[in-house]
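In: Here is my input, please return the structure:
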Amino acid sequence: MNMIHMKYVRCLLLMAVLVSFSRELYSQQVPMYSQYIMNGYLVNPSFAGRDGYSTITLTAREQWVGLAQNPATYAASFQTRLLKNSYISKSTEVRKKLVKPSRGSRVGMGGYIFNDNNGIMRRTGLQAIYAYHIPIGRSEESRSSLSFGLAMTAYQFAVNTDNLIYDIDDPFLNTYKKSVFIPDFNFGTSYTSSRYYVGFAMTNLLRGSLLFGDVENSRRGELGHFYLTGGVKFPVAEDWIIEPSAFVKSSDMVFKSIQMDITSRVYYKNDYWAGLSWRTNDALILLLGLKYDRFYFAYAFDFTLTDIRRQSNGTHELTAAVKFGESARRYRWINSF
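Out: Here you go, the predicted model:
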């Protein structure tokens, strides 16, 4: 093999690692989604179980469709509120009458698994989430909640070199590890009421690093990420609600990596919604969703604003969720997220 080909393969591997991390400058090691409202506890673990339901969510995201080896993410998640009479904690039918929340009803839990493919780089991740909700106020109308959450995370980074041809004597490629495992933690806190919510989260508290081989310049450190979320609901007419919201993302690089999602959604009877979102320096996003009985469906289309739009047909994202349990009836004051 000639030297040019060897250097090309090495660069390809290093670029795969760098691209993987460059995508994380504005997100955590768990992939981010345009319809993050469907999985708020993945952004901030303190949101787990806040609506009182037990929820299963499936998501598929194809980024930059039409581009060779485009990024793709597939995920499944679960959350619940451990209520005294909740669907998950008892097999008997949940009581229909309203009851005061007990201490046991303050605990929320969640889980998440995903597979993220980006060229020859593949990431598989797991999260286990614990949240604690402290009710504030006495009446249903004025009650709010202060919440804290902790997520234990584990990521496996892997590179598929099956279709690559390289020199087995190369010092980097010969010692290259095809799979690297990293454990970490995320933390979040939030304050919610019937009209608004605000939350702050930090990810990758341990600041782990990747070393794919014995060559020291192959080490890539994880960045810590910081998320600030907030939204307000305004009733504008009978059955109609407008919700402006913002999602600010940064990392240890602070001002060099700030990105914002500025979003506005319109809800009709809480059964249908549509919205637009602008992600700074990245995309304009169309958001659609509907609720049928206990089932929720959402779609997002990202129109890329960068030069890559000339090589791709945008990004498509589909989300489906099902909610179990009548226990959330006692939490009507909670703002759905």
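In: Beta-bridge partners for the spatially closest residue to Tyr53 that is not a sequence neighbour, please?
Out: Once flanking residues are discounted, Tyr53 sits nearest to Lys323: 4.2 Å by Cβ to Cβ, 6 or more residues apart in numbering. Placement of C-beta: from N, CA and C, glycine included. Note on Lys323: beta-bridge partners by DSSP bridges are Thr55.
In: Helices of the chain, start to end?
Out: Under the criterion DSSP state H, helices of the chain are mapped to 3-22, 40-43.
In: Show me what the last one is packed against.
Out: Right, the one you point to is helix 40-43. Under the contact criterion of 3 or more Cβ pairs under 8 Å, 6 or more residues apart in numbering; DSSP states H and E, helix 40-43 touches strand 72-81, strand 107-118, strand 121-136, strand 225-232.
In: Turn the ones you listed into JSON lines, columns for mean neighbour count and mean pLDDT.
Out: Output for those, formatted as JSON lines (neighbours: other Cβ atoms under 10 Å; pLDDT from 0 to 100):
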{"stretch": "strand 72-81", "mean neighbour count": "21", "mean pLDDT": "92"}
{"stretch": "strand 107-118", "mean neighbour count": "19", "mean pLDDT": "91"}
{"stretch": "strand 121-136", "mean neighbour count": "19", "mean pLDDT": "90"}
{"stretch": "strand 225-232", "mean neighbour count": "19", "mean pLDDT": "92"}
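In: So for stretch 82-101, mean pLDDT?
Out: For stretch 82-101, the mean per-residue pLDDT is 47.
In: what's around the residue nearest to Tyr53, how many residues?
Out: 19 (other Cβ atoms under 10 Å).
In: Show the model's pLDDT score for it.
Out: 90.
In: contacting residues for it?
Out: 53-55, 294, 296 (Cβ atoms under 8 Å, 6 or more residues apart in numbering).
In: With neighbour count, distance to Gly224 and pLDDT as extra columns, can I get these in JSON lines?
Out: Listed next are the contacts of Lys323 as JSON lines, based on neighbours: other Cβ atoms under 10 Å; distance: Cβ to Cβ, whole Å; pLDDT from 0 to 100:
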{"residue": "Tyr53", "neighbour count": "25", "distance to Gly224": "31", "pLDDT": "83"}
{"residue": "Ser54", "neighbour count": "22", "distance to Gly224": "31", "pLDDT": "88"}
{"residue": "Thr55", "neighbour count": "25", "distance to Gly224": "28", "pLDDT": "92"}
{"residue": "Arg294", "neighbour count": "12", "distance to Gly224": "37", "pLDDT": "89"}
{"residue": "Tyr296", "neighbour count": "18", "distance to Gly224": "32", "pLDDT": "95"}
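In: List just the nearest of these to Tyr33.
Out: Among the contacts of Lys323, Tyr296 lies closest to Tyr33 (Cβ to Cβ), at 14.1 Å.
In: Which residues does the closest one form beta bridges with?
Out: Where Tyr296 sits in a bridge, its partners, by DSSP bridges, are Lys291, Ala321.
In: Is it correct that it is in contact with Ala320?
Out: Yes - assessed by Cβ atoms under 8 Å, Tyr296 is found in contact with Ala320 at 7.1 Å.
In: ranking the helices of the chain by mean pLDDT, which is last?
Out: Of all these, helix 3-22 carries the lowest average pLDDT, namely a mean of 44.
In: Quick one: residues contacting Arg265.
Out: Counting by Cβ under 8 Å, 6+ apart, Arg265 has contacts 37, 242-243, 245, 273-275, 287.
In: Most neighbours among those residues, which one?
Out: Counting neighbours by other Cβ under 10 Å, Ile37 comes out on top of these with 24 neighbours.
In: Quickly note the distance from that one to Gly289.
Out: Distance, Ile37 to Gly289, using Cβ to Cβ, to the nearest Å: 8 Å.
In: can you check Arg310 too?
Out: Between Arg310 and Gly289 the distance is 30 Å, computed by Cβ to Cβ.
In: Could you find the closest non-adjacent residue to Ala300?
Out: Ser34 (3.8 Å).
In: What are the phi and psi values at the one you found?
Out: When read as degrees, to the nearest 10, the backbone of Ser34 gives phi -70, psi -40.
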